[in-house]
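S.K.: sequence and predicted structure, then a few things I'm wondering about:
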Amino acid sequence: METIMIVDDEKNYPLILSAILEEEGFESLTANSGREALDIMKHSDVDLVLTDMKMPSMDGIELLEHIKTADPELPVIMMTAHGTVDKAVEAMQKGAYSYVLKPFNNERLVLYVNKAIAMYRVVKENRRLRDAVESQYSFGNIIGKSKAMQDVFESIRKVAPVNATVLIEGESGTGKELVAKSIHFNGPRRDKPFVAVNCSALAESLLESELFGHEKGAFTGAIAMKKGRFELANGGTLFLDEIGELSPNLQIKLLRVLQEKVFERVGGVKPVAVDIRIIAATNKILKDEMQTGRFREDLFYRLNVVHIVLPPLKQRLEDIRLLTDHFIKKYAGEHISAKPLTGVNQEVERLFHDYNWPGNVRELENVIERAMIMCTGETITISDLPKDFKGNVHDARLLDSVPTDAQLYETLAVIEKMMITRALKLTNNVQSQAAALLGIGKSGFSKKMHKYKIHV
């Protein structure tokens, strides 16, 4: 049962409004001033504020500003007389949900209240989902409730406390560096440096100096001694991204560091000892690289003490909604809109589910950030997405699921079953919502679930 805070300096108004709203099934709290309302709200959960515009000491707009500072998403409806409509419009610009004119029609007031409460229910559900993400489906900044991601989290928990070398494989954009950071910051080296280097970003000669450092005069332009990433990471973790791009020469040098914990700077002869943990990552399959001779077998086995494989986003579709909510929350402070963004609409959610995501989680994050910049409403719609996004959506998985010798009737049945299953996923298994999403009645939806033996 939702609770409504009613604020009016006329003592009878809160009592009358309280009686009206309680008949509609709401609980109510009353206050005769803005200051009294704020004091009550410090100790009470409120789902809507219904406040008079003109009050002594603190008027409705000032109360609105205090409320929006504490909870920008809490809906506030202003009550105003005809003479203060301009002030009500100002309140709308400052985040009020709506306003009603005194004396008001009870039915119209109840309609406004029900709409505002329904909107706030969605906001609270999104909060609940985000809290669930942070408590149950995350490890640091890595998000996922899918079986594949839960397996990744379990691997991180097991390997973080020890100093074993870790090899992370996964497509570009799957979050390999996030996994490396989670291992480092949940382990005994968390207070020591985490140093990352991309092995594909530099030419071999520059990369060698970048990794191992160089002595003064080692080559043209080496005007002073420089420490490399190995020395900078001493005591901590060195993350070698795109390890599959290392040249054969650097593979040999890296192998020696792993075996002996010493190296020489470029142009130097004095061994430098280091105590570091190595975490390597690649978007290639190193076993294949090893078979073709592009990657050393002995180095592979040195790196592959613990092997973590990150799944592409297209193989963890159940995580898309969680990731979407996470990125909306992440960028909410950077892209402030007139109305708080509550999520994406169902058409966008369907597109996200059907899209192949070649750029993986990184692509999803970029799409969400771009959409939030373009969005002017409370939810992200198709028009907020990149123009070519919808045209790029294709579901090869759909045809792959249809037997090659299937007849039309059988094919349609396969598609129907897939659409029902997807609708249930998109609505968190709420059958009435899934039926509405597909545009059919609930009884017909239930019959189809029974026909295809779909169990929630």
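M.R.: Sure thing, it's come through. Numbering: from 1, shown residues only.

S.K.: can you give me every residue that contacts G441?
M.R.: Neighbour list for G441: A435 [criterion: CB atoms under 8 Å, 6 or more residues apart in numbering]. Glycine gets a C-beta too; all of them are placed from N, C-alpha and C.

S.K.: pLDDT wise, what is it at?
M.R.: Looking at G441, its pLDDT stands at 84.

S.K.: same check on G333?
M.R.: 70.

S.K.: now R277
M.R.: 95.

S.K.: what count of nearby residues applies to it?
M.R.: 23 (other CB atoms under 10 Å).

S.K.: low pLDDT regions in the stretch 251-400 of the chain?
M.R.: Filtered on pLDDT under 70, the stretch 251-400 of the chain yields the residue ranges 335-339, 391-400.

S.K.: at 80 what do you get?
M.R.: 333-340, 388-400 (pLDDT under 80).

S.K.: in it, which spans are strands?
M.R.: 262-263, 272-273, 277-282, 306-309, 343-344, 379-380 (DSSP state E, counting those that start in this stretch).

S.K.: tabulate the ones you listed (TSV), appending distance to L211.
M.R.: Output for these, formatted as TSV (distance: least, CB to CB, whole Å):
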stretch	distance to L211
strand 262-263	8
strand 272-273	12
strand 277-282	11
strand 306-309	22
strand 343-344	43
strand 379-380	43
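
S.K.: please identify which of the ones you listed is closest to R362.
M.R.: For R362, the closest of the strands of the stretch 251-400 of the chain is strand 277-282, at 14.0 Å, according to CB to CB.

S.K.: strands paired with the closest one, and their directions?
M.R.: Applying DSSP bridges, strand 277-282 is found paired with strand 166-169 (parallel), strand 237-241 (parallel).

S.K.: please convert these to CSV, extending it with mean pLDDT, distance to V414 and mean neighbour count.
M.R.: Formatted as CSV, the strands paired with strand 277-282 follow (pLDDT from 0 to 100; distance: least, CB to CB, whole Å; neighbours: other CB atoms under 10 Å):
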stretch, mean pLDDT, distance to V414, mean neighbour count
strand 166-169, 97, 33, 24
strand 237-241, 96, 41, 24
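
S.K.: pull up the distance across stretch 254-270, start to finish.
M.R.: With CA to CA, to the nearest Å as the measure, stretch 254-270 spans 17 Å from end to end.

S.K.: got it, and stretch 363-383?
M.R.: Stretch 363-383 end-to-end distance (CA to CA) = 18 Å.

S.K.: what residues of that stretch count as buried?
M.R.: 363-365, 367-368, 370-372, 375, 378-381 (16 or more other CB atoms under 10 Å).

S.K.: just give me the closest of those residues to L408.
M.R.: Using CB to CB, the buried residues of stretch 363-383 come closest to L408 at T381, 33.9 Å.

S.K.: ok, back up a step: relative to H450, which of the strands paired with strand 277-282 is closest?
M.R.: strand 166-169 (42.4 Å).

S.K.: coming back round to it: now, the most widely separated pair of the buried residues of stretch 363-383?
M.R.: Among these, E363 and E378 lie farthest apart (CB to CB), at 24.2 Å.

S.K.: let me know the distance separating the residue nearest the centre of the chain from N186.
M.R.: With distances taken as CA atoms, centre = their mean, the residue of the chain nearest its centroid is H326 (2.3 Å). Applying CB to CB, to the nearest Å, the value for H326 to N186 is 19 Å.

S.K.: over to T379?
M.R.: For T379 relative to N186 (CB to CB), the value is 35 Å.

S.K.: and what of P72?
M.R.: P72 is 32 Å from N186, by CB to CB.

S.K.: comparing these two, which residue is more hemmed in?
M.R.: Neighbours around P72 and N186, counted as other CB under 10 Å, are more numerous at N186. The numbers are 16 against 13.

S.K.: the more buried one reaches S155, doesn't it?
M.R.: No - N186 is not in contact with S155 according to CB atoms under 8 Å; the separation is 11.7 Å.

S.K.: dihedrals phi and psi, L50?
M.R.: phi -120, psi 110 (degrees, to the nearest 10).

S.K.: pull the number of nearby residues for it.
M.R.: Applying other CB under 10 Å, I find that L50 has 27 neighbouring residues.

S.K.: contact partners for it?
M.R.: Here L50 is in contact with 4-7, 17, 76-77, 79, 113 (criterion: CB under 8 Å, 6+ apart).

S.K.: looking at those residues, which are in strands?
M.R.: The strands, defined by DSSP state E, take in 4-7, 76-77, 79 from the contacts of L50.

S.K.: in a helix, that's where A423 is, yeah?
M.R.: Yes - counting by DSSP: H, G, I helix; E, B strand; the rest coil, A423 falls inside a helix.

S.K.: I'd say Y452 and K417 touch.
M.R.: Yes - using CB under 8 Å, Y452 is in contact with K417, at 4.5 Å.

S.K.: I'd like the distance between A91 and D39.
M.R.: From A91 to D39 the distance is 21 Å (CB to CB).

S.K.: neighbour count winner among those two?
M.R.: A91 (26 against 12).

S.K.: can you tell me the element that one falls in?
M.R.: Applying DSSP states H and E as the criterion places A91 in helix 85-93.

S.K.: contacts for that helix next, please.
M.R.: Contacts for helix 85-93 (CB under 8 Å, 6+ apart): 53-54, 59-61, 64, 76, 78, 80, 96, 98-99, 101, 338.

S.K.: please report the distance of R189 from G235.
M.R.: R189 is 7 Å from G235, by CB to CB.

S.K.: and for S205?
M.R.: Counting by CB to CB, the gap from S205 to G235 is 28 Å.

S.K.: ok, E215 next?
M.R.: On the measure of CB to CB, E215 and G235 end up 23 Å apart.

S.K.: the two: which is more packed in?
M.R.: E215 (17 against 12).

S.K.: contact partners for that one?
M.R.: 222, 225, 265-268.

S.K.: ok, 6 Å please
M.R.: E215 makes contacts with 225, 265, 267-268, as judged by CB atoms under 6 Å, 6 or more residues apart in numbering.

S.K.: count of neighbours near the spatially closest residue to H214 that is not a sequence neighbour?
M.R.: Excluding its sequence neighbours, the residue lying closest to H214 (CB to CB, 6 or more residues apart in numbering) is V266, at 3.9 Å. V266: 19 surrounding residues under other CB under 10 Å.

S.K.: ditto for the one 3 residues further on
M.R.: Counted with other CB under 10 Å, the neighbours of V269 add up to 7.
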